[in-house]
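**Student:** sharing a model prediction with you, sequence too.
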Amino acid sequence: MKFTHGETNTLLKNSEALESIARDRTRTNLLWPLERQAIAFWVQRIPSWISSDMLTAIGFLGNLLVFVSYLLAAYIHPYYLLLGVAGFLTCWFGDSLDGRIAYYRNKPRKWYGFSLDIIIDWIGIILIGLGYIIYAEGIWELLGYGFVVLYGWEMIIALIRYRITGKYSIDSGPLGPTEVRIVLSAILVAEVIFHGSIQYSAAAISVILLIVNITDTGKLLKTADAKDVTERKQLHPKEND
């Protein structure tokens with residue numbers, strides 16, 4: 001099969017984009033193969049005047065839109081929760097592309113981008129949890145607080161793992177931020193169709209996050225213990241004789 005000059009250039013650009021967006025990032029989430037293709041598509045088409053910081057701002061606006069959707073749903077009509085779906089999509093777009101486009105343009109700011117992402121992600125999680133608290137009623141409000149705490153726990157695990165291993169991963173096995181956003185979007189849609197279902201969905205999400213966090217904490221402690229043993233052997237080699 002022969003390719004035209006234009007098709008060859010397109011293949012080379014796609015290959016370059018795929019390589020650049022995978023740089024300095026280990027991903028294990030279920031949807032990464034599809035997500036990788038989508039990111040490679042967009043980094044080649046976003047106008048040059050749109051910077052990484054602007055994409056970070058777009059991602060933050062997505063989280064803000066999720067918060068507003070809860071607010072409108074609580075005081076006007078539950079149908080406004082569908083705005084939250086658009087918010088999660090907007091958040092994915094900005095959050096997934098801000099760092100990757102910097103690598104694609106060969107203008108990475110590794111530590112600046114890392115620091116900004118963590119801060120913006122944390123503020124976004126707080127907004128989502130606060131929005132749920134405003135929308136929920138009675139004791140169910142506590143699930144919003146629980147979601148923030150549990151997600152924060154997972155973020156801490158990721159940061160400590162990075163400190164110990166030097167490898168940063170935002171995924172927990174097959175689950176990553178993209179999968180979480182899809183699940184949360186599905187929960188919002190279900191709440192519009194079956195009013196009151198969000199309470200039970202939020203409880204299920206909290207239980208799943210708790211199990212994942214406990215599992216990841218155990219793995220992290222084993223990794224930390226193994227590094228302690230290795231460093232001890234390096235510092236005191238005679239003790240191993």
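**Tutor:** That came through fine.

**Student:** ok, the residue nearest in space to the middle of the chain - contacts?
**Tutor:** In the chain, the residue lying closest to the centroid (CA atoms, centre = their mean) is Pro177, at 3.0 Å. Pro177 makes contacts with 29, 92, 95, 170, as judged by CB atoms under 8 Å, 6 or more residues apart in numbering. Backbone N, C-alpha and C define where each C-beta goes, glycine included.

**Student:** which residues touch the third one?
**Tutor:** In this case it means Asp95. Applying CB under 8 Å, 6+ apart to Asp95 gives the contacts 56, 59, 62, 117, 120-121, 177.

**Student:** how does it look with 7 Å?
**Tutor:** Going by CB atoms under 7 Å, 6 or more residues apart in numbering, Asp95 touches Gly59.

**Student:** what do you get for the last one?
**Tutor:** Contacts were defined as CB under 7 Å, 6+ apart; by that measure Ile170 touches 158, 176-177.

**Student:** lowest-confidence one in those?
**Tutor:** Among the contacts of Ile170, Gly176 carries the lowest pLDDT, at 83.

**Student:** that one: neighbour count?
**Tutor:** Applying other CB atoms under 10 Å, we find 19 residues neighbouring Gly176.

**Student:** next one: Gln37
**Tutor:** For Gln37, the neighbour count with other CB under 10 Å is 14.

**Student:** against which helices or strands is the helix or strand where it lies packed?
**Tutor:** Under the criterion of DSSP states H and E, Gln37 resides in helix 32-43. Where contact means 3 or more CB pairs under 7 Å, 6 or more residues apart in numbering; DSSP states H and E, helix 32-43 is packed against helix 5-21, helix 82-104.

**Student:** what residues sit buried inside that helix?
**Tutor:** Applying a neighbour-count criterion of 16 or more other CB atoms under 10 Å, one finds 32, 35-36, 39-40, 42-43 buried in helix 32-43.

**Student:** starting at the chain centroid, how far to that helix?
**Tutor:** Chain-centre distance of helix 32-43: 15 Å, with CA atoms, centre = their mean, to the nearest Å.

**Student:** burial measure for the nearest residue to Leu184 once chain neighbours are set aside, as a count.
**Tutor:** Nearest residue to Leu184, sequence neighbours excluded (CB to CB, 6 or more residues apart in numbering): Phe88, at 6.2 Å. Neighbourhood size, Phe88 [other CB under 10 Å]: 24.

**Student:** wait, what's in contact with Phe88?
**Tutor:** Residues near Phe88 by CB under 7 Å, 6+ apart: 62, 66, 181, 184-185.

**Student:** looking at this structure, which helix is longest?
**Tutor:** helix 197-235 (DSSP state H).

**Student:** could the contacts of Phe88 go into a markdown table alongside distance to Ile125, secondary structure and pLDDT?
**Tutor:** A markdown table is the format used below for the contacts of Phe88 (distance: CB to CB, whole Å; DSSP: H, G, I helix; E, B strand; the rest coil; pLDDT from 0 to 100):
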| residue | distance to Ile125 | secondary structure | pLDDT |
| --- | --- | --- | --- |
| Gly62 | 12 | helix | 97 |
| Val66 | 10 | helix | 97 |
| Arg181 | 12 | helix | 92 |
| Leu184 | 11 | helix | 94 |
| Ser185 | 15 | helix | 95 |
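
**Student:** Val192: which of these is nearest?
**Tutor:** The nearest member of these to Val192, counting by CB to CB, is Ser185 at 11.2 Å.
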